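S.K.: I need the structure of the sequence given here:
(one chain, ligands or ions: 1)
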Amino acid sequence: MQKIAQTVVILGTGGTIAGTAKDAADNVGYTAAQIGVAQLLAAVPALAGQALEAEQVSQIDSKDMGFVIWRALALCVSQHLARPEVAGVVVTHGTDTLEETAYFLQRVLAPHKPVVLTAAMRPATALLADGPQNLLDAVVVARSQGASGVVAVLAGEVHSALDVRKTHTYRLAAFGSGDAGAIAQVEQGRLRRHRSWPQSEALGVDRLPEDVAAWPRVEIVTSHAGSGAGIVTALRRIGVQGIVAACTGNGTLHHELEAALLEAQAAGLRIVRSSRCLGGAVIASAGQALPSAGALTPVQARIEMILALLEAGPR
Ligand code: ASP
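M.R.: Numbers count the residues shown, from 1 in each chain. Below you'll find the predicted structure:
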């Protein structure tokens with residue numbers, strides 16, 4: 001009889017979940033990324049005695065996330081997932097860029113086992129810290145039969161990497177899945193599932209350059225009252241390969257910014273239109289010269305463009 005994989009590997013990257021404050025009543029004035037992942041596990045008595053392994057991949061505030069750690073994390077996750085005894089991987093992360101790392105890992109690995117990102121809105125030293133429960137729930141999801149793909153588990157909800165976004169600056173339930181809704185709820189260690197696990201194509205971890213300078217440079221430009229061409233001119237001067245426009249409404253742009261983006265596109269840069277609205281897709285209509293990013297958020301569209309440029313290879 002085939003043994004069921006039970007081991008869950010917990011990879012620490014930092015964030016508020018590993019943060020400390022001088023005063024237990026201070027939920028915002030803390031320093032992120034202070035406590036090691038082994039110590040985070042030790043703070044959850046219910047995890048004692050379980051088949052868990054802990055590894056520290058980085059120790060940062062996730063606002064500072066970048067390509068070096070993304071690549072190291074993707075490699076580390078894929079190596080652990082290849083081990084037959086590993087049921088899934090949990091990544092402890094900061095909330096600020098969690099949705100970007102989740103989307104990136106899904107589109108690079110599209111794993112057949114669960115990869116669960118979790119985080120906390122309050123530091124580990126808070127009177128009512130949310131990290132321990134989130135970690136416990138994340139381990140449940142990582143060991144769930146049939147689970148697959150990259151998900152985020154916070155405040156008792158399981159969100160797909162393809163939909164998750166941070167929606168609030170300080171509430172404990174600070175994440176949502178927009179129009180799609182959560183995949184599942186974690187209720188007392190059990191999953192109540194509403195829809196299917198994330199599925200996508202995978203770029204493959206081998207395609208990620210070791211040299212940060214070799215990663216394509218793609219920036220996001222927001223259209224707003226008074227937008228102009230200057231930002232696009234500046235970005236072209238520093239050699240960006242693509243620009244994601246975070247447009248108003250259904251993909252509309254200030255006419256001066258639009259003219260500059262059309263010119264950049266004609267000069268060979270990749271341009272897409274996403275929306276700065278919290279929900280909905282950019283529905284394209286016939287004859288529009290700048291392509292729509294569909295339902296991708298600006299940060300997702302940027303990752304898509306980076307991966308597409310990597311796939312296309314050096315210019
Ligand atoms: N700045 C922190 C981080 O993203 C915020 C958090 O984790 O909630 O690492």
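S.K.: how about residue 158, what does it touch?
M.R.: Residues near residue 158 by Cβ atoms under 8 Å, 6 or more residues apart in numbering: 141, 151, 152, 182, 183, 184, 185, 186, 191. (C-beta placed from N, C-alpha, C; glycine too.)
S.K.: for these, pick the one with the most neighbours.
M.R.: residue 152 (32 neighbours; other Cβ atoms under 10 Å).
S.K.: helix, strand or coil for it?
M.R.: Assigned with DSSP: H, G, I helix; E, B strand; the rest coil, residue 152 falls in the strand class.
S.K.: residues contacting it?
M.R.: Taking Cβ under 8 Å, 6+ apart, we find residue 152 in contact with 98, 99, 102, 116, 117, 118, 119, 158, 159, 161, 164, 175.
S.K.: ok, and which of the residues you listed reach the ligand?
M.R.: With Cβ under 6 Å from any ligand atom as the criterion, the contacts of residue 152 include residue 119 near the ligand.
S.K.: which of the contacts of residue 152 fall within strands?
M.R.: Members of those lying in strands (criterion: DSSP state E): 116, 117, 118, 158, 159, 175.
S.K.: state the distance from whichever residue of the stretch 1-150 of the chain sits closest to the ligand to residue 138.
M.R.: Closest to the ligand within the stretch 1-150 of the chain is residue 94: 1.9 Å, counting by Cβ to the nearest ligand atom. Distance, residue 94 to residue 138, by Cβ to Cβ, to the nearest Å: 15 Å.
S.K.: also residue 313?
M.R.: Plainly put, residue 313 is 36 Å away from residue 138 if you go by Cβ to Cβ.
S.K.: next one: residue 129
M.R.: Taking Cβ to Cβ as the measure, residue 129 and residue 138 are separated by 15 Å.
S.K.: these two: which has the busier surroundings?
M.R.: Between residue 129 and residue 138, counted using other Cβ under 10 Å, the more crowded position is residue 138 (28 against 21).
S.K.: let me know the secondary structure of that one.
M.R.: Look at residue 138: counting by three-state DSSP, its state is helix.
S.K.: state the pLDDT value of the closest residue to it other than its chain neighbours.
M.R.: Computed as Cβ to Cβ, 6 or more residues apart in numbering, the closest residue to residue 138 that is not its neighbour in sequence is residue 118, at 3.9 Å. Here the pLDDT value assigned to residue 118 is 98.
S.K.: hey, where'd the helices end up in the stretch 101-250 of the chain?
M.R.: For the stretch 101-250 of the chain, helices defined by DSSP state H, counting those that start in this stretch occupy the ranges 131-142, 230-237.
S.K.: which residues are contacting the longest one?
M.R.: The contact list for helix 131-142 (Cβ under 8 Å, 6+ apart) reads 8, 10, 16-18, 40-41, 43-44, 46-47, 50, 52, 87-90, 92, 114-120, 122, 124, 147, 151, 153-156, 158, 184, 186, 189-191.
S.K.: do stretch 220-232 as well
M.R.: Stretch 220-232 is contacted from outside by 235, 243-248, 252-254, 256-257, 259-261, 263-264, 276, 298-299, 302, using Cβ under 8 Å, 6+ apart.
S.K.: tell me how far the closest residue to residue 52 other than its chain neighbours lies from residue 147.
M.R.: Distances taken as Cβ to Cβ, 6+ apart put residue 8 closest to residue 52, at 5.4 Å, once the chain neighbours are dropped. With distances taken as Cβ to Cβ, residue 8 is found 11 Å from residue 147.
S.K.: now do residue 207
M.R.: From residue 207 to residue 147 the distance is 26 Å (Cβ to Cβ).
S.K.: neighbour-wise, which of these two wins?
M.R.: The residue with more neighbours, out of residue 207 and residue 147, is residue 147; 23 against 12, by other Cβ under 10 Å.
S.K.: what residues are up against that one?
M.R.: 88, 113, 114, 141, 191, 197.
S.K.: try it again at 6 Å.
M.R.: If you count contacts by Cβ atoms under 6 Å, 6 or more residues apart in numbering, residue 147 has them with 114, 141.
S.K.: all strands for the protein, in order.
M.R.: Per DSSP E, the chain carries strands over the ranges 7-14, 52-60, 86-92, 114-118, 149-154, 157-160, 165-166, 175-176, 184-187, 190-193, 218-222, 242-247, 270-275.
S.K.: okay, those strands in CSV with distance to residue 309 next?
M.R.: Listed next are the strands of the chain as CSV, based on distance: least, Cβ to Cβ, whole Å:
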stretch, distance to residue 309
strand 7-14, 25
strand 52-60, 24
strand 86-92, 25
strand 114-118, 24
strand 149-154, 21
strand 157-160, 24
strand 165-166, 23
strand 175-176, 28
strand 184-187, 34
strand 190-193, 36
strand 218-222, 7
strand 242-247, 7
strand 270-275, 7
